[in-house]
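J.: Here is my input, please return the structure:
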Amino acid sequence: MAITKLLYMKDCGGNFHGKHLKSALEYVMNVEKTQNGSLIGGINCQPDTAFEQMKETKRKFNKIGKRQGYHLILSFQEEEVTPDTAFEITQKFVSEYLGKSYEAVFVVHDNTDHVHSHIIFNSVSFVDGKKYRYEKGEWAKEIQPITNRLCEAYGLSTIEIEEEARKEKRKSSEHYKEWNEYRDGKFLWSDMIKRDLDACVLQAGDYESFLELLSEKGYEIKEGKHLALKPQGMMRYRRCDTLGTAYTEEAIRERVITEDLNSYRSSNIEEKPQIFHCHVKRYKRAKLSGLQKKYYGKLYRLGQLKKKPYSQVWKYRREISKMQQLQAQYLFLARHDIYSIEELSATLYLLEDSRKGSNQEKSRVYRDKQKMKSLFDLTDEMKALLPAEKAYQQGDKFFWEEHETFQTLTGQLEKQGYSYEEVEKLREYYRGKVAEVKEKETVIRKELRVGQGIWKELWEKEDSRVPQKEQKREEQMEKRKEDGREQPTR
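T.: All right, here's what the predicted structure looks like:
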């Protein structure tokens, strides 16, 4: 079974529009994941110079901006396909779907148990300069049918397109929006802008020189009701007052006057550690008398004295839990060799596909086991009669009726081509198989939960600012309404 997913890479802006496209190409062509590069191929371009060729095509047709490229992922069911077979299927898919119009690089990653393919292709056609356009429903009409047809030709399982399309419809489209915004690095701008603002405040002698220093750093400045900045590479202006109370225009004007490099250095001078000697005269503890020993023993038995204090671990339970969570996240990133947002997103997609595959495998095992239910029922009856059958074989004729029933059940099993021992081995096989797929599903779910936790935590920083923006917007609307009511009527 192979399923295809489509992502896209946005324009990074500034002087490097194709930054995300180049990063994606470098990520997928990692030699450590592609058998030293033997699982890397290209259509209409050379993989080593693919980015330059794609960039030249954009220049030729004057379509440098907006979407830079697209990223297709083909996920195969675990242990169903070899890397070489996956490479052949991917090559045929790319040739059929993109070969006539687009430059594409395709690779197979086999560094995990879940073999999968990555396809990066240009957003602009090298034939007529038309941009690739994904129409609604094209996945079900064209992309996945090609994948299913190629899988059938190689004897692999396929997926039900209509059922998968219904599942995808239920997913929120916001996931893709969040992925693209997060991939653009929006969450990184705030810290960078604040660092540059602090540096310019310390160096500037007045507000005008402060603005000049910002311009020298490459910022575009918009002054009006609110001071707003746009660094190189960012698509929109960012209001400074959204960065915190210390970055409003009034606060910055005041800081320019009060803060300078000398005050910054003096405030950051660390005091040298000193060693203080304390001379304490120690006295030997006097020995207890017999009466005193009895008295302290009585207090201890009454519970008024404790030999050892109670554990205080409960105070640090939250910190311990957080430490364990951070350790699990670190091990997850190391285990999957994740160094960028693209790699985290791709890993989450593959884990989700693995979860679906393990769930389908579990369902298949349960269905196969259910087909053997009649045999298992017969052996259950025979197991209940087994002690009586052994007694009959040892000469106890009292269990003649049980023996006859046992022989009848044995004959029914033989008609179906099984013996009692074979059915028991079959039962043990399915018991082990069910335990195996359950354990596999548990491991995948745990990995997916850790990865999603990392994704969610990184987004909480950005989402925490949304309520503040909404509150300010509501206050502005209320103020406008009040201003409208106060205007005199003519």
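J.: What are the boundaries of the strands in the chain?
T.: Using DSSP state E, the strands of the chain run over 2-9, 40-43, 69-76, 104-109, 116-122, 220-222, 228-230, 238-239.
J.: Compare those and give me the one nearest residue 299.
T.: Checking the strands of the chain against residue 299 by Cβ to Cβ gives strand 238-239 as the closest, at 67.3 Å. C-betas here are computed from N, CA, C, even on glycine.
J.: Which elements pack onto that closest one?
T.: Strand 238-239 is packed against helix 186-203, strand 228-230, with contacts defined by 3 or more Cβ pairs under 8 Å, 6 or more residues apart in numbering; DSSP states H and E.
J.: Direction included, what does that strand pair against?
T.: Using DSSP bridges, strand 238-239 pairs in its sheet with strand 228-230 (antiparallel).
J.: Distance from the chain centre to the strand it pairs with, please.
T.: Put simply, strand 228-230 sits 31 Å off its chain's centre (Cα atoms, centre = their mean, to the nearest Å).
J.: mean confidence for that strand?
T.: Mean per-residue pLDDT for strand 228-230: 87.
J.: do the same with stretch 92-111
T.: pLDDT averaged over stretch 92-111 gives 86.
J.: Use 116 as the first number from now on
T.: New numbering, starting at 116: the last item is stretch 207-226.
J.: For it, what is the spacing between the initial and final residues?
T.: Across stretch 207-226, the terminal residues are separated by 22 Å (Cα to Cα, to the nearest Å).
J.: ok so, going back, in CSV, list the strands of the chain along with mean neighbour count and distance to residue 142.
T.: As requested, those are exported to CSV (neighbours: other Cβ atoms under 10 Å; distance: least, Cβ to Cβ, whole Å):
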stretch, mean neighbour count, distance to residue 142
strand 117-124, 20, 11
strand 155-158, 20, 12
strand 184-191, 24, 10
strand 219-224, 26, 10
strand 231-237, 25, 8
strand 335-337, 13, 31
strand 343-345, 19, 28
strand 353-354, 17, 28
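J.: can you redo those strands as JSON lines with distance to residue 562?
T.: Supplementary listing: those in JSON lines, determined by distance: least, Cβ to Cβ, whole Å:
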{"stretch": "strand 117-124", "distance to residue 562": "18"}
{"stretch": "strand 155-158", "distance to residue 562": "27"}
{"stretch": "strand 184-191", "distance to residue 562": "15"}
{"stretch": "strand 219-224", "distance to residue 562": "16"}
{"stretch": "strand 231-237", "distance to residue 562": "15"}
{"stretch": "strand 335-337", "distance to residue 562": "43"}
{"stretch": "strand 343-345", "distance to residue 562": "39"}
{"stretch": "strand 353-354", "distance to residue 562": "36"}
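J.: Let me know which of those is the nearest to residue 170.
T.: Comparing those by Cβ to Cβ, strand 231-237 comes nearest, at 8.9 Å.
J.: Just give the strands next to that closest one in its sheet, each with its orientation.
T.: With DSSP bridges as the test, strand 231-237 is paired with strand 184-191 (antiparallel), strand 219-224 (antiparallel).
J.: any residues touching the longest one, and which ones?
T.: Right, the one you point to is strand 184-191. 116-124, 133, 135-136, 139, 169, 201, 204-205, 208, 229-238, 247, 249, 258, 262, 271, 461, 464-465, 468 (Cβ atoms under 8 Å, 6 or more residues apart in numbering).
J.: do the same with stretch 462-479
T.: For stretch 462-479, contacts defined as Cβ under 8 Å, 6+ apart pick out 116, 118, 120, 188, 190, 192-193, 227, 229, 231, 451, 453, 549, 552-553, 555-556, 559-560, 562-563, 566-567, 570.
J.: Spatially, and excluding backbone neighbours, which residue is closest to residue 368.
T.: residue 322 (5.2 Å; Cβ to Cβ, 6 or more residues apart in numbering).
J.: Break this protein down into its structural domains.
T.: For the chain, automatic domain parsing gives the domain ranges 117-288, 301-382, 456-578.
J.: Most tightly packed of these?
T.: Of all these, domain 117-288 has the most neighbours on average by mean count of other Cβ atoms under 10 Å, namely a mean of 18.
J.: ok so, going back, of all the domains of the chain, which one comes closest to residue 441?
T.: Closest approach to residue 441 among these is made by domain 456-578 (9.9 Å; Cβ to Cβ).
J.: average model confidence for that closest one?
T.: Here the average pLDDT along domain 456-578 is 87.
J.: before we move on, what about stretch 248-265?
T.: For stretch 248-265, the per-residue pLDDT averages 79.
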